[in-house]
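# build me a structure from this.
(chains A and B)
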Amino acid sequence: MAGPWPALYLDDAEAVIASDLHIGLEDQRELMGIHIPRTTFPQILEQVLTPIKHYNAKRIFLLGDVKHEFGRPSEPEWWGVKKLVKSIREIGCEPEVVRGNHDNYIISVLSDLGVKVHDPTLSLTDSECVLMHGHEALSALEIIRPRILIMGHEHPSIAIRDDLGVRHRYKIFLSGQLDALHVIVLPSSSPFAFGSNMNEISPKHRLSPILKNRDLSEMIPYLLEIGITVKEFPKMKYF
Amino acid sequence: MTISIARKEYRRDQVLSLLDPLVADWLSQFPNLTPSQKYAIPLILDGTNTLIASPTGSGKTLSAFLGIISELVKLAKQNALEQRVYCIYVSPLRSLNNDIQKNLLLPLRAIIMSGKVHSEGIQEIRVSVRTGDTSTQERVRMLAKPPHILITTPESLAIMITAPKFKYKLIDVQWVIVDEIHEVCSSKRGVHLSVTLERLQNMISRPICRIGLSATIQPLDDVARFLVGYEGGKERDCVVVDTRFAKPISITVSSPVIDLIHTSPSISSAELYGRMKDLVTANGTTLIFTNTRAGAERSVFQLSKGGTLDADELSVHHGSLSRDLRKEVEDRLKEGKMRAVVTSTSLELGIDIGSIDLVIQVGSPKSIARCLQRVGRAGHALDRISKGVLIAMERDDLVENAVIAEQATQGKLDRIYIPKNCLDVLSQHIVGMVVERSQWTASDVFNVIRGSFCYRSLLKTDFLNVLKYLSGGYQSLEGFRVYGKIWYDKEEGTLGRRAKLLRVIYATNIGTIPDEVTVRVYLLSGKWIGTIDETFLERLSKGDIFLLGGRTYEFRAARGFKAYVVRKEGTKPTVPSWFSDMLPLSFDLGEEIGQFRDDVYQKLLGGASDLDLSTFISKRTNSDNNAATAISGYFRAQFDFLRTMGLDSFPTHKVIVVEDYRDFENRQNIIFNCTYGRRINDALSRAYAHMVSVELSIGVTVTVRDSGFMLTLPEGSIIHPQKLVDMLQANQIRPRLLEAIKKTEIVKRRFRHCATRALMMLKHYKGREIRIARRQMNAQLLIPMLEALRDFPILKETYREVIEDVMDVSGAESILTDVQNGVRRIAIGPTTDVPSPFSHELIASGFSDQVLMLDRKNLLEHLHESVLRRINADRG
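Numbers count the residues shown, from 1 in each chain, chains lettered A, B, ... in the order given. Sure thing, here's the model as predicted:
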């Protein structure tokens, strides 16, 4: 199930799934000479907490890249992560993290906070469904052989022209079969990480090795207007 | 009044007697002084702030320098010249700096040489150029031996006043000359310079004598205020030397053919180039202005055909050519070796190009002042008539040219616009100020800034918001690391430098001119075919057809700043050409065009014959037979058409005629005929489109031209024009427009410019260059985030720049107020499937943009439907 947030809800596990929060991405921009007031954190927090409250979820699985790490973060930079964990627990929910490619130093911080970290995958409902970040190849799944894979990392979006010829960009959920596996790709929860338009970049430029050079034409995009609606569109081959 | 007009014109002998004998001796070799010299030299010797406005070739530069040279010579004779800068000369053009050095050094040397004959041991008066190109060694040398006259650019001056050592060489500057002030003051570059002058004054204990050099512009009192600024809240004194119309001028209007509509384009252009050849042959050295670079290239190509003109005597000069090539053309012009040079805009500024016999303008120059500037290049010496011919290939251009010729000959001018309260430039200066001195009180900073004409009305809250932004405020929550460039103590009201690298950041990122990228376009085979604007590329999707160099291409892919296309002959472009950088028509000229339309309308009402009408037009506007006949035919067609429609009105300055036109695809187009120029029409059209968009919950396409605008509704949506007109009141236009421009390409691009000027996005940081593409990407993502912050100054500035500088929201407001008060009126025509003749060019070649549907949920539904439609169409 998906509401108008960059998150999924799994009924069986009573859990919300969100991905790629990239807390503190502004700090990296600062080092590149781009000064941005730090305003994204409250938005990220809201996007995570709203679906938890809506579904009354017991757990939230964060599919990696919780903090935007680039080199060893300083102490104040952990503030956002701590605040996130605290806020989730305050509404009666427990966070768990699946490790992503940006998550290096965060692991020790999370264990200090008592947050469970899964590396590299998290299996649910008797291994029928597996959660992973998506920066590693499918070979990691060969032993588990799940039916469903839920992943992040790619930050999928789409660009569509309206009748006036104006381009509009949307974050999307991408869902469909890749061989025997049903794959669901989550959009990023960071307002600043929009990702690339899946209908415009070439297959070899996709980020995740799971999606790279694969035929995604039968997959279905769900366009997300955060806080407003999520809408199923025709298959990728029509774009 | 502290701004006054110079009344006293001194006699030649009086002026000479005021100057040092050495200077007077040198000057007496010329039999006459120019009027500007006779007015200005005594004023400047007196230390009076002076604005000199006169045409090119009237000896402006010497008027400004002679008094100063005289004072310096006096000191040099007494061996009293100190090791410091006495005079700063600021010019917006780098190449001009070198030019002026020659023009200044030559007389100076002549004067000193004659001095050596009389008395030995006169001190050397040094003149140097200091710009971004000046080498470190030269800078070091300048520190040891500072020039007495320093020639520089606005940007280099702003860096110099923060230079740890060199600034001390400036602390007793007596004179500042601002050249080409008309060119500077209407842009953010000028806003920047005006504050730099205040900062310089703030470092110096006695008042600097400011001298401005301007071409023929209007209003001079505002330009004077721009030059001198304010002291303690009071306007500083300035005397204006107005010799703008000292030079006789003759302008004729021409059309290559009688009928610009039914004559085939090949015949028209054959006639055009034939006409140009005849003019060049009959007139000696000719300078030809086209409005675009492509037009300049095309003209040279056509003129060189047929062998009438020798290819060696014919050349092109525009900004895309290398500096060396341009220099060569300039030199050959000066030496009198050229018959004709074709240029887009690059030769309209004061570069000395010797004697020109005739100026030809192809297309409309869009403003009276610009026409005078260009035609003024002919007959360079003051006593020679400036001869110009304006040739147009389109009917609207032709009418514009006719009115420009009439106005220019009558000595009327259109007003320029000076931007105000720009918060991005303000941010950059505040950073500059804390680099210059490590601690300030906020009120001192505020007072220095408010000394500039451009910040006269700066609000304290805007100023404080800029301090908040610069000091790392606007953080959503506590606990994050703060990266402020300055610190600001609210309690104490003090501020100062925080970032260690701030001096380097300031020096490497200073300036206001936005960097744009041109994208090179290639065929898939790899053949290079031309360039397009970066922003145009953003509008292209795979499969789009667009026009480049007169041919149509299909866009396939883009990689970095390269676009790949295939040739697609005979298809209609799906994306309109990009006209954003075309010069807009000035409002004052638009009003005069309206007046002219009204006068012709009265003749038509009175039953004038075709001959009567074209005679009237030809006499009034100095148009040749072709031009007068073409204009008369154009107006009669419009008159007859409106009559047939049963409409008892004619589009003039007082009457806006609205047409309700249904096109081939049965879409409703609401066309407003109003010659207010693109800046006002852009504002009006988007405000109206926003009303329609909200009312009907649809997206609307707007098409804008100087002579009117058009709203195109999607098929199936209709609004009655009367209802639309009644909905928009003058006081709503500002909020409507602010909503309408959100999410447009222009806002995204201008935000990048503003953020770069405000040092929010750095061009250069830690020795690296930050690519435009990356800055643009960041800009797009940032805007929605910053929207959430109230009053974030850089976003506020972006919107201000778009609605006030790019568009003219105040002008649009006053038009609607006039309509409400009955000073102007709107006449609405019946529904028709034929647009009126005055609308044809708007429909054919206007600049289009979209006002988007605001309901986000609705938009997604619409997108879904249109995707399904496309899928079905493909299958069916």
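# what pLDDT, on average, does the longest strand seen in chain A get?
Longest strand in chain A, counting residues (DSSP state E): strand A:167-178. Average pLDDT, strand A:167-178: 91.
# show me what contacts residue 125?
Answering for chain A, as no chain was given. With contact taken as CB atoms under 8 Å, 6 or more residues apart in numbering or on different chains, A:T125 is in contact with A:D12, A:A13. Placement of C-beta: from N, CA and C, glycine included.
# look at chain B instead
B:I69, B:L72, B:V73, B:A76, B:L81, B:L108, B:I112, B:H148, B:I149.
# what comes up buried for the longest strand of chain A?
With burial defined by 16 or more other CB atoms under 10 Å in any protein chain shown, the residues of strand A:167-178 counted as buried are A:H168, A:Y170, A:K171, A:I172, A:F173, A:L174, A:S175, A:G176, A:L178.
# who wins on neighbours among the contacts of B:I125?
B:I69 (27 neighbours; other CB atoms under 10 Å in any protein chain shown).
# so that residue, which state does it fall into?
Classification of B:I69 using DSSP: H, G, I helix; E, B strand; the rest coil returns helix.
# for it, give me the pLDDT.
pLDDT, B:I69: 93.
# pull the contacting residues for residue 105.
As the question left the chain open, I've gone with chain A. Going by CB under 8 Å, 6+ apart, the list of residues near A:Y105 reads A:E69, A:R72, A:P73.
# wrong chain, I was asking about chain B
Counting by CB under 8 Å, 6+ apart, B:L105 has contacts B:V127.
# what's the helix or strand for it?
With secondary structure defined by DSSP states H and E, B:L105 is part of helix B:94-118.
# again, but for B:G633
Assigned by DSSP H and E, B:G633 belongs to helix B:625-644.
# who are the packing partners of the helix or strand just after that helix?
Per DSSP H and E, the first helix or strand lying C-terminal to helix B:625-644 is strand B:655-662. Packing partners of strand B:655-662 (3 or more CB pairs under 8 Å, 6 or more residues apart in numbering or on different chains; DSSP states H and E): strand B:668-673, helix B:721-727, strand B:825-832.
# return the most buried member of these.
strand B:668-673 (a mean of 24; mean count of other CB atoms under 10 Å in any protein chain shown).
# which of the residues in the following helix or strand past that strand are buried?
Next helix or strand after strand B:668-673 toward the C-terminus (DSSP H and E): helix B:678-696. Within helix B:678-696, the residues that qualify as buried are B:678-694, B:696, counting by 16+ other CB under 10 Å.
# any chance of the buried residues of strand A:167-178 in CSV, with distance to chain B too?
What follows is those, written out as CSV (distance: CB to the nearest CB, whole Å):
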residue, distance to chain B
A:H168, 7
A:Y170, 8
A:K171, 12
A:I172, 12
A:F173, 14
A:L174, 16
A:S175, 17
A:G176, 17
A:L178, 23
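# what's across from B:R559 in the sheet?
Legend: beta-bridge partners of B:R559 under DSSP bridges are B:K562.
# so in chain A, where's the weakest helix or strand by average pLDDT?
Lowest mean confidence among the helices and strands of chain A (mean pLDDT, DSSP states H and E): helix A:25-31, at a mean of 80.
# and B:K8, helix, strand or coil?
B:K8 ends up coil, using three-state DSSP.
# test my guess that it contacts B:I41.
No. Using CB atoms under 8 Å, B:K8 is not in contact with B:I41; the gap is 11.6 Å.
# comparing the two, which residue is more hemmed in?
Between B:K8 and B:I41, counted using other CB under 10 Å, the more crowded position is B:I41 (29 against 10).
# break chain B down into its structural domains.
Domains of chain B are assigned by automatic domain parsing as B:3-242, B:249-409, B:518-567, B:655-862.
# out of these, which gets the lowest mean score?
Mean pLDDT is lowest for domain B:518-567 among the domains of chain B, at a mean of 78.
# next one: that domain to chain centre, how far?
Taking CA atoms, centre = their mean, to the nearest Å, one finds domain B:518-567 lying 27 Å from the centre of the chain it belongs to.
# and the closest residue to chain B within chain A, what does it touch?
Closest approach of chain A to chain B (CB to the nearest CB) occurs at A:G33, with a separation of 3.1 Å. Neighbouring residues of A:G33 by CB under 8 Å, 6+ apart: B:M761, B:L762, B:H764, B:Y765, B:K766, B:R768, B:I770.
# cutoff 6 Å now
B:L762, B:Y765, B:I770 (CB atoms under 6 Å, 6 or more residues apart in numbering or on different chains).
# pLDDT score assigned to the closest residue to A:V183 other than its chain neighbours?
Distances taken as CB to CB, 6 or more residues apart in numbering or on different chains place A:L149 nearest to A:V183, at 5.0 Å, with adjacent residues excluded. Here, the pLDDT recorded for A:L149 equals 94.
# tell me if A:L149 really is in a strand.
Yes. Per three-state DSSP, A:L149 lies within a strand segment.
# sorry, back to before: can you put the helices and strands packed on strand B:655-662 in TSV and add distance to A:P51?
What follows is the helices and strands packed on strand B:655-662, written out as TSV (distance: least, CB to CB, whole Å):
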stretch	distance to A:P51
strand B:668-673	43
helix B:721-727	40
strand B:825-832	51
